[in-house]
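**Student:** okay, here's the prediction I keep looking at, along with the sequence it came from:
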Amino acid sequence: MTFFLQMLVTGVVVGSIYGLVALGFVLIYRASGALNLANGEFVIIGPYICLILMTAYKIPFIYALLITLIFSAVLGLVVERLVIRPIQNAPVVSVIMATIGLSSLLGGAVHMIWGHQTRTFPPVFPQTPINIAGVIISPVYLWSFIVVVLLLVIFSLFFKFSKMGIAMRAVADDRQAALSMGMSVKYVYAATWTIAAVVAAVGGVLLGNINGLSPTMSAIGLTVLPVVILGGLDSVLGAIVGGFIIGVVQNLAGGYLDPLVGGGLKDVVPFIIVLLILMLKPHGLFGSRRIERV
Amino acid sequence: MLHVNNVEAVYSKIILALKGMSLHVPEGKIVALLGSNGAGKSTTLKSISGLLSGEGGQITAGTIEFQGKKLNNITPDVIVKNGIFLCMEGRHVFRDLTVEENLMAGAYSRKDRTNIKADMEKIFVYFPKLKALRSRKAGYLSGGEQQMLAIGRGIMAKPKLLLLDEPSLGIAPLLVKEIFQIIKRINEEEGTSMLVVEQNANVALSIADYGYIMENGRVVMQGKADYLLSNEEVREHYLGIGKEEKNYKENKVYRRRQRVVW
């Protein structure tokens, strides 16, 4: 039983980080209908900056994190301005191809600057594990969970009530009409990429604290693809819930089935789920169907 | 208030859609812009609201002036801030947003954020049907309700000039009358000037003060609304109430008479 609970809790925490990374995907998909395949690189650049600030410049974690978030915001803005805006009227496929190029570029830059060895964060969160009813949770896990839930609430409120949030949804819905409302599509896209980059950096810093940091971590960009497909490509709630589900199922499968088949199932299970989802519910759990009036 | 002077508009750098289009909308009046398909009515509205460039078009000659300010080559968001709002043809409500969120979206360019709630209630007074549907997704509304929402969204922006592109498109005749009466009421109570593009000349002229008739990218006839309503040619070609049946045998080739170009 404790083994089950332990797997469950680990799954929830890993899932919460999947949810964060998936959120970046969803935001950009909603605004422009394109998948950002450079999302994984956005995830690793943030924590590298944070790590360097902490180890080389001895800046306390909180300030290092703040600087990292500002840097990520700027990175998002620059990418939007230099890569996405020039092709904003091009077909969606061109945008996706551009993000693949961007992914190679950023990934290469990370290799060049920081090398390929794994680095570990200096201890940021208390190291003594918390024991809740026999289940052992390390504080960094607890923090990831809290941060993700907090971000979910903030984003739901943002999209429902803020002027910018409504404008983002309006632009995603009907660009011409949004233009005629006086909405600046340029600002909306810039804001979207900024937010997506910041969210990715937050996820990256949490993940770096748990697993250590190496360029191969950018693979998470693809690992969360099942999450967004499960949750629905255009749903914020779907990204978070999908993250939890995939995280939990993956860990349970890893715990119970891996010993039977000799390992490796952990990485396959998410894609098996995707296959099932695509057959049963092509729009995902929370994805919106296009409303068609005849 | 709004002066369009000899505007020439081109799509894809070759297709000439407006060939010297001129019109004038006075403060607080309703002006109707009539004409058949492809006459350039919608292009005129898009030129005014700056949406032409989004569809690969551009203004190549002439000027558009609003309250003394030149509007050529200005982006749509600045034009909306100046007080011109276009209700697009085919309603274009945001389908995945609720009725209330659609109205909020209409108020995007406003600076006074505090009065938005009160103005939303005012929209529900003009369009009582929308009130019951306020938290429903706009995509599930009927065509008439969507048109009401599109107009309401326009009023939320508090424009000085409202451009309406075919508000009667695809809507039951009875509802068309109702919507046009509300448009008239908004014009009287809010003092919003309006430029209405219509194929349904009858209903448009019934609320308008002045009318223009377009053909082939330019104005071919203009006058006070009651003058146009009683004009023989307009009655025959645009209102569908001709004098008597034509004898096609006598004039072997029947052609619409070419009218003088203004």
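**Tutor:** Everything's here; your move.
**Student:** list the contacts for B:Leu163?
**Tutor:** Applying C-beta atoms under 8 Å, 6 or more residues apart in numbering or on different chains to B:Leu163 gives the contacts B:45, B:48-49, B:84-87, B:194-195, B:197. Yep, even glycine has a C-beta here, placed from its N, CA and C like the rest.
**Student:** give me that answer again for 7 Å
**Tutor:** B:45, B:48-49, B:84-87, B:195 (C-beta atoms under 7 Å, 6 or more residues apart in numbering or on different chains).
**Student:** remind me, longest helix of the chain?
**Tutor:** By default, I'm working from chain A. Criterion DSSP state H: the longest helix present in chain A is helix A:2-32.
**Student:** should've been chain B
**Tutor:** helix B:173-190.
**Student:** next one: the next helix or strand after that helix to chain centre, how far?
**Tutor:** As assigned by DSSP states H and E, the chain's next helix or strand after helix B:173-190 is strand B:193-198. Mean-position distance between strand B:193-198 and its chain equals 4 Å (C-alpha atoms, centre = their mean, to the nearest Å).
**Student:** who are the packing partners of strand B:193-198?
**Tutor:** strand B:30-35, helix B:41-49, strand B:161-165 (3 or more C-beta pairs under 7 Å, 6 or more residues apart in numbering or on different chains; DSSP states H and E).
**Student:** can you list contacts of that strand?
**Tutor:** B:1, B:25, B:27-34, B:41-42, B:45, B:160-166, B:168, B:183, B:187, B:204, B:208.
**Student:** how long is stretch A:77-89 from one end to the other?
**Tutor:** Stretch A:77-89 has an end-to-end distance of 18 Å (criterion: C-alpha to C-alpha, to the nearest Å).
**Student:** what average pLDDT does it get?
**Tutor:** Averaging pLDDT along stretch A:77-89 gives 89.
**Student:** hmm, who's touching it?
**Tutor:** Residues outside stretch A:77-89 that contact it (C-beta under 7 Å, 6+ apart) are A:94-95, A:98, A:102, A:189-190, A:193-194.
**Student:** how about that stretch: buried residues?
**Tutor:** If you call a residue buried by 16 or more other C-beta atoms under 10 Å in any protein chain shown, then stretch A:77-89 has these buried ones: A:79-80, A:83-84.
**Student:** pull out the buried members of the contacts of strand B:193-198.
**Tutor:** Buried, going by 16+ other C-beta under 10 Å: B:1, B:25, B:30-34, B:41-42, B:45, B:160-166, B:168, B:183, B:187, B:204, B:208, out of the contacts of strand B:193-198.
**Student:** now the residue of the stretch 101-250 of chain A found nearest chain B: closest residue in space, sequence neighbours ignored.
**Tutor:** Using C-beta to the nearest C-beta, the closest approach of the stretch 101-250 of chain A to chain B is made by A:Gly182 at 2.9 Å. Among residues not flanking A:Gly182 along the chain, B:Val80 sits closest, at 2.9 Å (C-beta to C-beta, 6 or more residues apart in numbering or on different chains).
**Student:** dump the residue contacts of A:Ile132.
**Tutor:** Contacts of A:Ile132 (C-beta under 7 Å, 6+ apart): none.
**Student:** please redo it, this time with the cut-off set to 10 Å
**Tutor:** A:5, A:9, A:142 (C-beta atoms under 10 Å, 6 or more residues apart in numbering or on different chains).
**Student:** I figured the second one hits A:Phe244, correct?
**Tutor:** No: judged on C-beta atoms under 10 Å, A:Val9 makes no contact with A:Phe244 at a distance of 11.5 Å.
**Student:** what is in contact with the two at once?
**Tutor:** By C-beta under 10 Å, 6+ apart, the residues touching both A:Val9 and A:Phe244 are A:Phe145.
**Student:** up against chain B, what does the stretch 101-250 of chain A have?
**Tutor:** Residues of the stretch 101-250 of chain A found near chain B (C-beta under 10 Å from any C-beta of the partner chain) are A:159-167, A:169-187, A:234.
**Student:** so who does residue 71 touch?
**Tutor:** Went with chain A since none was named. A:45-46, A:49-50, A:53, A:197-198, A:201.
**Student:** wrong one, I was asking about chain B
**Tutor:** B:2-4, B:47-50, B:59, B:63-65, B:78-79, B:82, B:84.
**Student:** show me those that map onto strands.
**Tutor:** Counting by DSSP state E, the contacts of B:Leu71 place B:2-4, B:59, B:63-65, B:84 in strands.
**Student:** considering those residues, which possesses the most neighbours?
**Tutor:** Highest neighbour count within those: B:Ile84, with 27 neighbours (other C-beta atoms under 10 Å in any protein chain shown).
**Student:** give me the beta-bridge partners of it?
**Tutor:** Beta-bridge partners for B:Ile84, by DSSP bridges, are B:Leu161.
**Student:** give the contact list for it.
**Tutor:** A:182, B:1-2, B:45, B:48-50, B:64, B:66-67, B:71, B:76, B:157, B:159-163, B:193, B:195.
**Student:** likewise for B:Asp226?
**Tutor:** B:Asp226 neighbours (C-beta under 10 Å, 6+ apart): B:205-206, B:208-209, B:211.
**Student:** just give me the closest of those to A:Gly221.
**Tutor:** B:Ala208 (57.5 Å; C-beta to C-beta).
**Student:** B:Leu164 is in contact with that closest one, correct?
**Tutor:** No: using C-beta under 10 Å, B:Ala208 is not in contact with B:Leu164, being 11.0 Å away.
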